[in-house]
Each structure stands twice: as C-alpha cells, then as structure tokens.
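Engineer: Any chance you could fold what I've pasted below:
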Amino acid sequence: MITAGIDMGSRSVKVVLLEEVAVDGAAQKAYSVKKAHLMLPGELDADQAAEKAYDDALAGAGLSRGDVKAVFATGAGRKQVAFATEGLTEMTAGAKGANFMFPNARTVVDVGAEEGRGIKTDADGRATDFAGNEKCAAGAGSFAEAMSRALQMTLKEFGEASLRSDRTIPMNAQCTVFAESEVVSLIHSSTPKEDIAKAVLDAVASRVCAMVRRVGIEGEVVLIGGMVHNTGFVKSLKTAMDVDAVSLPDMPEYISALGCALIAAERQH
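Structural biologist: Sure thing, here's the model as predicted:
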C-alpha cells in the first residue's frame with residue numbers, strides 16, 4: 001500500500017510517498033519512504049504548486065495517482081491541496097513524523113522559514129500540547145536569513161561563522177525590521193561578523209526555547225524543519241534549552257509530510 005503526505009509550507013512544497021513493507025512475524029506494520037520530493041513554487045499558485053509537486057513525486061517513483069491509497073496534507077497551505085483526502089495540523093503531522101524517526105522523542109522543536117513551534121508528544125507520536133509563533137518570524141528561519149543578507153553572507157556561511165565566536169551579545173529587538181537596524185549598528189561599530197551571526201542565532205534560539213518551555217522540555221528532544229541545516233542555530237538552541245543533546249533527522253524538511261503519510265496509512269487500517 002502507498003500513501004502520500006504533502007506539506008504546503010510558506011516557501012516550498014514537500015511530498016513524501018510512503019510504502020507499507022511486509023515483515024514476517026511482525027505484529028506492527030512497517031513503512032519505508034519510497035520517494036521524497038521538494039519543490040519551490042516559483043510563480044505558481046498554491047493549488048498549482050501542489051498538483052505539480054505531487055505529480056513530479058509520483059513520476060520520480062514510477063507511480064500514478066491510482067496507485068496511492070490516500071493523500072493527507074499539512075502546512076499553512078494545506079487547504080489548497082484540493083485532491084487531499086484529509087488535512088492535518090502541523091503539530092499533529094510533525095509529532096508523528098518525529099516519533100517515527102526517533103521513537104523516544106517527547107519534545108519536538110519545529111523551526112521552518114516563517115514559523116517556529118514547540119510540540120509535546122506521547123509514545124505513539126500524538127501531539128499532546130504545543131506553543132508557536134505564527135504571528136512573527138523572529139523565532140524562525142526567515143529572521144536568520146534576513147540578518148545573513150545584512151551581513152552579505154549566505155545562510156550556510158552565516159551559521160558556520162557563528163561557530164567561530166564565543167562572545168555573547170544580547171539583541172533586544174523583537175522585530176526583524178528593528179533587528180536589522182541593530183545588526184547595522186553592530187557592523188558600524190566594527191563588531192566581527194562571526195560575533196553578530198552568533199548574536200542573531202542566539203536570539204532566535206532564545207525565542208524558540210521560550211516557546212518550547214511553555215509545553216515543557218522532557219525526554220528526547222528532536223529538531224525538525226529547515227533550520228536543522230544551520231549548524232550555528234543547532235548549537236545555540238542546545239545551549240538555550242540546556243540539554244545534553246538535540247536529535248537531528250536525516251530529512252528534516254520532510255518530517256511533517258512523512259507524518260501525514262504515516263497517519264494516512266494508519267487510517268487505512
């Protein structure tokens with residue numbers, strides 16, 4: 001059986017095609033990812049982007065729409081996925097996907113381009129509580145991206161530069177616009193770029209950590225979303241949360257889409 005999960009994010013569309021795998025003597029169902037596909041919408045409308053991303057994923061896996069038993073969607077644009085069987089919240093999908101990758105996960109931190117959230121999950125991957133910042137990008141990836149542009153660095157260079165700093169510079173601005181002015185002031189005062197990068201990522205991590213603490217930090221902590229690729233942010237988050245380790249999945253951008261596909265498969269049984 002094949003099921004599909006689609007995560008309609010603010011910057012990209014992620015599709016996961018999940019295949020149920022027969023395991024002799026196993027009481028529980030086993031699943032493997034048959035295809036993971038990411039597409040940037042470009043000039044396409046959300047509904048067109050969903051259609052194209054899904055069809056491209058199917059083509060890459062050598063499948064047709066008739067081969068898929070169910071399609072579940074999540075993300076800010078999930079209602080634009082007209083062909084989806086059902087829509088799920090980002091918390092429900094993220095918790096399920098993270099639990100699949102890390103069965104001991106109890107605290108899930110999801111930081112994407114425009115949103116950040118903390119999710120508490122149980123042993124079955126069900127979200128039991130959450131806190132998020134849907135109204136402000138200051139605790140999300142776009143904030144770090146805007147600050148990296150102010151320093152004329154790529155986001156990758158920005159994250160790597162922060163690792164070379166051991167200074168702590170507080171950033172008081174709670175808004176991307178004001179924070180950019182604060183960064184410009186630091187530049188004019190000849191503050192090294194690596195110190196500014198660390199200050200920005202520390203600020204993002206602090207805001208994310210405040211959200212996570214509202215639901216409680218317990219058990220294994222898992223970070224999902226595009227900011228997993230920012231090594232500086234991962235270090236800042238670990239320090240802010242005061243934990244020994246933060247688990248990082250191999251395909252962080254796809255975890256919510258994976259969660260959708262998993263729940264779709266479970267519903268079929």
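Engineer: Which of the helices and strands in the chain ranks last by mean pLDDT?
Structural biologist: Among the helical and strand segments of the chain, the one scoring lowest on mean pLDDT, DSSP states H and E is helix 176-188, with a mean of 76.
Engineer: Could you pull out the buried residues of that one?
Structural biologist: For helix 176-188, the neighbour count (16 or more other CB atoms under 10 Å) marks 176, 179, 180, 182, 183, 186 as buried. The C-beta positions use only the backbone N, C-alpha and C, and glycine is treated the same way.
Engineer: can I get those residues in TSV with distance to residue 70?
Structural biologist: As requested, the buried residues of helix 176-188 are arranged in TSV below (distance: CB to CB, whole Å):
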residue	distance to residue 70
176	38
179	43
180	44
182	48
183	46
186	51
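Engineer: Go through those and name the one nearest residue 260.
Structural biologist: Closest approach between those and residue 260, by CB to CB: residue 176, at 29.6 Å.
Engineer: which residues in the stretch 151-269 of the chain form strands?
Structural biologist: Using DSSP state E, counting those that start in this stretch, the strands of the stretch 151-269 of the chain run over residues 220-224.
Engineer: where are the low-confidence patches of it?
Structural biologist: Low-confidence segments of the stretch 151-269 of the chain, defined by pLDDT under 70: 172-178.
Engineer: Please, where are all the helices along it?
Structural biologist: Applying DSSP state H, counting those that start in this stretch to the stretch 151-269 of the chain gives helices spanning 155-162, 176-188, 193-215, 231-241, 255-268.
Engineer: Can you tell me which of the ones you listed is most buried?
Structural biologist: Among these, judged by mean count of other CB atoms under 10 Å, the one packed with the most neighbours on average is helix 255-268 (a mean of 26).
Engineer: So what's the gap between that helix and the chain middle?
Structural biologist: Computed by CA atoms, centre = their mean, to the nearest Å, the separation of helix 255-268 from the middle of its chain amounts to 16 Å.
Engineer: From the contact counts, what lies against it?
Structural biologist: Packing contacts for helix 255-268, counted by 3 or more CB pairs under 8 Å, 6 or more residues apart in numbering; DSSP states H and E, involve strand 2-8, strand 13-21, strand 30-39, strand 68-74, helix 90-101.
Engineer: Let me have the ones you listed in TSV, adding distance to residue 153 as columns.
Structural biologist: What follows is the helices and strands packed on helix 255-268, written out as TSV (distance: least, CB to CB, whole Å):
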stretch	distance to residue 153
strand 2-8	28
strand 13-21	26
strand 30-39	23
strand 68-74	32
helix 90-101	29
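Engineer: Include mean pLDDT, distance to residue 218 and mean neighbour count when you put these into JSON lines, please.
Structural biologist: Compiled in JSON lines, the helices and strands packed on helix 255-268 are given as follows (pLDDT from 0 to 100; distance: least, CB to CB, whole Å; neighbours: other CB atoms under 10 Å):
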{"stretch": "strand 2-8", "mean pLDDT": "96", "distance to residue 218": "26", "mean neighbour count": "28"}
{"stretch": "strand 13-21", "mean pLDDT": "94", "distance to residue 218": "28", "mean neighbour count": "23"}
{"stretch": "strand 30-39", "mean pLDDT": "92", "distance to residue 218": "27", "mean neighbour count": "17"}
{"stretch": "strand 68-74", "mean pLDDT": "97", "distance to residue 218": "24", "mean neighbour count": "24"}
{"stretch": "helix 90-101", "mean pLDDT": "96", "distance to residue 218": "14", "mean neighbour count": "27"}
